[in-house]
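K.L.:
Kindly generate the corresponding structure for this input.
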Amino acid sequence: MSLPSKNTSVSKLRHISETDYTSDQPGVEPLARLFRQLLSQCGADTQAEWNMLLHKHVTDMRNAVPQNKKDMATTRGNLQKELLKSEMTFNVFLKGLRFLELNKVDINIVGHRKNGEMFTGSITVGLGERIPVPASVVRQHQSGGRNE
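P.N.:
Model (predicted):
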């Protein structure tokens, strides 16, 4: 079953958490399916966990999000759209893995040819550690930009 095309992120997330993505899902491309499997396994398919991860994403210095309400809200909205779509580029997939707070991933490919030959490839991709926005920047933002 595919996701409704026009729906809120809350209902899309609920639908994702209720669907088994280990098998082929019509309308959901492979990287999006794999991300949804990981989302569920990490326990990030609940609204509370999702919101906490969104907050951590916009307050992670690696993502270079200006710490003001407008930019943070725009980034949250854009990220939700990217991660809840039924298709995903490899770069968005990697962004999603960082969103899930993974530090590194092992990518293993086993290719099968029609004649039965198999080929394998494997790499480890480092995703880095979260770098929280310094408390002084958060305090400055909360005070409306005034220095304390």
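
K.L.:
For Asn63, which non-adjacent residue is spatially closest?
P.N.:
Spatial nearest neighbour of Asn63, chain neighbours left out: His57 (6.1 Å); criterion: C-beta to C-beta, 6 or more residues apart in numbering. All C-beta atoms are positioned from the backbone trio N, CA, C, and that covers glycine.

K.L.:
any idea how far Asn63 is from Lys95?
P.N.:
To Lys95, Asn63 is 9 Å away according to C-beta to C-beta, to the nearest Å.

K.L.:
the strands in this structure, which residues?
P.N.:
104-112, 118-126 (DSSP state E).

K.L.:
Tell me which residues are up against the first one.
P.N.:
Meaning strand 104-112. 97, 118-127 (C-beta atoms under 8 Å, 6 or more residues apart in numbering).

K.L.:
If we only consider those residues, which is nearest to Pro30?
P.N.:
Leu97 (14.7 Å; C-beta to C-beta).

K.L.:
For the closest one, grab the count of nearby residues.
P.N.:
For Leu97, the count of nearby residues is 19 (other C-beta atoms under 10 Å).

K.L.:
Not counting sequence-adjacent ones, nearest residue to Asn103?
P.N.:
Counting by C-beta to C-beta, 6+ apart, the residue nearest Asn103 is Leu127, at 5.8 Å.

K.L.:
any idea of the pLDDT on the residue most central in space within the chain?
P.N.:
Central residue of the chain (C-alpha atoms, centre = their mean): Gly96, 2.5 Å from the mean position. On pLDDT, Gly96 comes in at 95.

K.L.:
Please tell me I have it right and it contacts Lys85.
P.N.:
No: using C-beta atoms under 8 Å, Gly96 makes no contact with Lys85, being 10.5 Å away.

K.L.:
so who does the residue nearest to Cys42 when sequence neighbours are not counted touch?
P.N.:
Computed as C-beta to C-beta, 6+ apart, the closest residue to Cys42 that is not its neighbour in sequence is Leu100, at 5.0 Å. By C-beta under 8 Å, 6+ apart, the contact set of Leu100 is 38-39, 42, 44, 53.

K.L.:
Which of those are buried? Put it as a PyMOL command.
P.N.:
Of the contacts of Leu100, the buried ones can be selected in PyMOL as follows, counting by 16 or more other C-beta atoms under 10 Å:
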select buried, resi 38+39+44+53
